[in-house]
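**Q** Here is my input; please provide its structure:
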Amino acid sequence: MKVCTVSEMRNADKIASERLGVPSVVLMENAAISCVLEVIGFDSFTVLCGKGNNAGDGFAIARHLINRGKNVKIYTLFGEEFSGDGKINFDILKNMSVPIYEADLETLKTDIMLSDCVIDAVFGTGLHGEIDGKTAEIFDIVNNFANYVLSVDVPSGVDADSGEILKNAIRADKTVTFAAYKKGLLLYPAADFAGEVKVSDISIPKSVLSDIKIETTDAKMAKSLMPKRQENSHKGDYGKILIIGGSVGMAGAVCLAAKSAFKAGAGLVKACVPEKINDIVQKTVIEAMTESVNFEKDITHITDMINGYDAVLFGNGIGREPFVCELLEVVLKTAKVPIVIDADGLFALSKKPGLLKFCGENTILTPHTMEMARLLGVTADEVEGKRFELSKDFAVKNKLTLVLKGNHTIITAPDGTQRVNMTGNSGMATAGSGDSLAGILAGLLPTCKNAFDAATLAVYVHGKAGDFVAQSIGKTSLTAGDIVDAISHILPVEN
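**A** Alright, predicted model coming up:
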């Protein structure tokens with residue numbers, strides 16, 4: 001599914017109507033029907049209409065609900081001056097002698113309280129400026145007294161591009177958005193206001209959206225990216241992974257990563273760890289090989305090993321001592337194989353950003369918001385406010401693959417192409433979750449087509465495993481170990 005800006009969506013609407021001949025009023029009718037189908041189980045409705053096309057959607061929705069015998073009250077918030085397709089649908093209701101009311105706060109509040117469902121067709125993507133005055137009061141009434149809210153295209157009060165709340169917004173239980181996700185619906189705080197998001201096909205031809213470079217992940221994409229396994233094969237065919245990480249008190253990070261790499265299909269995993277935790281890793285991950293090293297003194301020995309493997313995972317639990325920067329520099333300069341840099345490896349990179357010039361298209365960074373902020377030298381809030389833009393700029397500038405973790409993780413290729421992951425849940429905000437993702441990614445790297453595809457698939461599988469666990473035991477008790485164990489339940493996406 002594509003993810004677009006407001007201007008991209010308007011351009012797509014225009015092309016569909018003017019170049020391909022799909023009448024805009026037909027698109028509006030399809031949009032209305034798709035919304036009606038989502039609330040067909042309710043009996044009584046209050047429909048709030050603003051102006052422009054979103055109001056037109058609301059009028060068309062009201063008509064279909066009335067035709068189905070539903071009890072519908074329609075309110076306009078900004079008078080009855082409409083144009084274009086909005087006027088067409090407004091006039092149809094007038095011709096049907098359907099009463100349309102101007103919003104009076106007390107009457108509106110009563111109708112909202114008595115309705116099974118409120119239809120929010122106030123602004124959609126057409127919002128300009130902050131919400132205040134009477135409109136803000138109406139939004140408060142909806143948020144405080146509505147039994148269920150369906151927002152049309154975008155919850156009113158939400159910036160459809162940035163995900164910002166423009167002072168006040170309607171909090172929806174479900175949002176039906178048309179043809180493609182709007183970027184803002186995948187960002188916070190807007191995602192909290194959108195509720196469940198349903199993308200509806202309204203007959204805009206797919207070719208019209210083909211140039212949009214952001215899309216969401218799904219099971220079909222995951223299956224297409226999953227490496228094939230041949231019956232006549234051996235462990236060397238599925239990749240040898242070298243994990244460089246661990247420290248006293250942080251052995252678990254390496255163990256989780258190693259287990260995850262195996263679960264993702266790696267043929268062999270070797271953990272390069274300090275001597276003091278070597279026995280812990282050996283006993284915890286019996287399938288893995290280990291090698292005891294001193295990260296500060298054995299740099300040459302470590303780098304001599306690297307190119308004998310098919311992928312390297314660097315940084316999990318390695319600590320933040322100054323020598324980590326030196327080790328990372330030598331690894332980056334030496335490696336001719338794909339490298340995943342995670343956790344403390346990212347901290348080292350933020351302390352010595354000049355090392356980014358040694359990264360390349362086979363390097364994958366996996367920061368969460370705070371780690372990304374350190375890499376960029378900005379605040380976490382600044383990262384959250386521009387997740388798509390900052391991810392793209394960073395990946396393109398440094399010619400690498402970037403996995404910006406969070407709810408709706410964004411994966412960005414060196415050419416700026418982006419994918420948004422749609423799996424995962426809040427229970428995965430737990431210690432070790434990132435280590436398991438890094439291990440899955442390292443395990444997939446040798447057999448996937450490229451680093452971008454491996455990262456996309458890894459994030460999808462990781463989130464899907466978390467969803468599997470959440471459905472089984474809930475989110476509160478979910479642990480990283482649970483995620484690792486669940487990987488084997490998810491990888492039937494394999495070909």
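**Q** Would you map the strands across the stretch 101-250 of the chain?
**A** 117-121, 149-152, 174-178, 181-182, 196-200, 214-216, 240-244 (DSSP state E, counting those that start in this stretch).
**Q** I'd like these as a markdown table, with mean neighbour count, distance to Glu137 and mean pLDDT appended.
**A** Backbone N, C-alpha and C define where each C-beta goes, glycine included. What follows is the strands of the stretch 101-250 of the chain, written out as a markdown table (neighbours: other CB atoms under 10 Å; distance: least, CB to CB, whole Å; pLDDT from 0 to 100):
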| stretch | mean neighbour count | distance to Glu137 | mean pLDDT |
| --- | --- | --- | --- |
| strand 117-121 | 28 | 15 | 98 |
| strand 149-152 | 30 | 16 | 98 |
| strand 174-178 | 25 | 22 | 98 |
| strand 181-182 | 26 | 26 | 97 |
| strand 196-200 | 16 | 26 | 97 |
| strand 214-216 | 20 | 36 | 96 |
| strand 240-244 | 27 | 57 | 98 |
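**Q** In JSON lines, list these along with distance to Ala16.
**A** Shown next, in JSON lines, are the strands of the stretch 101-250 of the chain (distance: least, CB to CB, whole Å):
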{"stretch": "strand 117-121", "distance to Ala16": "21"}
{"stretch": "strand 149-152", "distance to Ala16": "18"}
{"stretch": "strand 174-178", "distance to Ala16": "11"}
{"stretch": "strand 181-182", "distance to Ala16": "17"}
{"stretch": "strand 196-200", "distance to Ala16": "15"}
{"stretch": "strand 214-216", "distance to Ala16": "19"}
{"stretch": "strand 240-244", "distance to Ala16": "47"}
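**Q** quick one: which of those strands is nearest Pro353?
**A** strand 240-244 (20.2 Å; CB to CB).
**Q** Kindly export that closest one (C-alpha atoms) in PDB.
**A** Taking C-alpha atoms only, strand 240-244 is exported to PDB below (Å, rounded to 0.1, in the frame of the first residue of the first chain):
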ATOM      1  CA  LYS A 240      27.800 -17.500   8.200                       C
ATOM      2  CA  ILE A 241      27.200 -14.700  10.700                       C
ATOM      3  CA  LEU A 242      29.800 -13.100  12.900                       C
ATOM      4  CA  ILE A 243      28.500 -11.200  15.900                       C
ATOM      5  CA  ILE A 244      30.900  -8.800  17.600                       C
END
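**Q** Show the secondary-structure elements that that strand is packed against.
**A** Here strand 240-244 touches helix 251-263, strand 268-274, helix 299-306, strand 311-314, helix 433-444, going by 3 or more CB pairs under 8 Å, 6 or more residues apart in numbering; DSSP states H and E.
**Q** Where does pLDDT dip in the stretch 351-495 of the chain?
**A** Where the stretch 351-495 of the chain drops to pLDDT under 70, the residues are 492-495.
**Q** Just the buried residues of stretch 443-459, please?
**A** 443-448, 450-459 (16 or more other CB atoms under 10 Å).
**Q** So which of the residues you listed is the closest to Thr409?
**A** Val459 (5.1 Å).
**Q** Specify the local secondary structure of that closest one.
**A** Under the three-state scheme (DSSP: H, G, I helix; E, B strand; the rest coil), Val459 adopts helix.
**Q** My guess is it contacts Asn421. True?
**A** Yes: between Val459 and Asn421 a contact is recorded at 4.5 Å, counting by CB atoms under 8 Å.
**Q** any shared contact partners between these two?
**A** By CB atoms under 8 Å, 6 or more residues apart in numbering, Val459 and Asn421 have these common neighbours: 217, 409, 411.
**Q** Using CSV, lay out the residues you listed together with neighbour count and distance to Ile306.
**A** Shown next, in CSV, are these (neighbours: other CB atoms under 10 Å; distance: CB to CB, whole Å):
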residue, neighbour count, distance to Ile306
Thr217, 22, 30
Thr409, 26, 27
Ile411, 29, 25
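**Q** will you turn those residues into TSV that also has distance to Glu102?
**A** Output for these, formatted as TSV (distance: CB to CB, whole Å):
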residue	distance to Glu102
Thr217	45
Thr409	45
Ile411	48
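**Q** Quick check: closest non-adjacent residue to Ile212.
**A** Counting by CB to CB, 6 or more residues apart in numbering, Ile212 lies nearest to Lys2, which is 4.7 Å off, once chain neighbours are set aside.
**Q** let me redo that: Ala136
**A** Spatial nearest neighbour of Ala136, chain neighbours left out: Asn168 (4.4 Å); criterion: CB to CB, 6+ apart.
**Q** next one: Val36
**A** His64 (4.6 Å).
**Q** Phi and psi next, for the one you found.
**A** When read as degrees, to the nearest 10, the backbone of His64 gives phi -70, psi -40.
**Q** Pull the contacting residues for it.
**A** His64 makes contacts with 32-33, 36, as judged by CB under 8 Å, 6+ apart.
**Q** most surrounded residue in the residues you listed?
**A** Highest neighbour count within the contacts of His64, by other CB atoms under 10 Å: Ala32, with 26 neighbours.
**Q** how near is it to Thr175?
**A** Ala32 sits 15 Å away from Thr175, going by CB to CB, to the nearest Å.
**Q** quick one: Thr217 and Thr423 touch, right?
**A** Yes: using CB under 8 Å, Thr217 makes contact with Thr423 at a distance of 7.2 Å.
**Q** For Ala31, what is the enclosing helix or strand?
**A** helix 24-38 (DSSP states H and E).
**Q** Kindly report the same for Leu48.
**A** Judged by DSSP H and E, Leu48 forms part of strand 44-49.
**Q** Give the buried residues for that strand.
**A** 45-49.
**Q** Would you mind giving the residues you listed as a markdown table with distance to Asp57 and pLDDT added?
**A** Output for these, formatted as a markdown table (distance: CB to CB, whole Å; pLDDT from 0 to 100):
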| residue | distance to Asp57 | pLDDT |
| --- | --- | --- |
| Phe45 | 14 | 98 |
| Thr46 | 15 | 98 |
| Val47 | 10 | 98 |
| Leu48 | 11 | 98 |
| Cys49 | 9 | 97 |
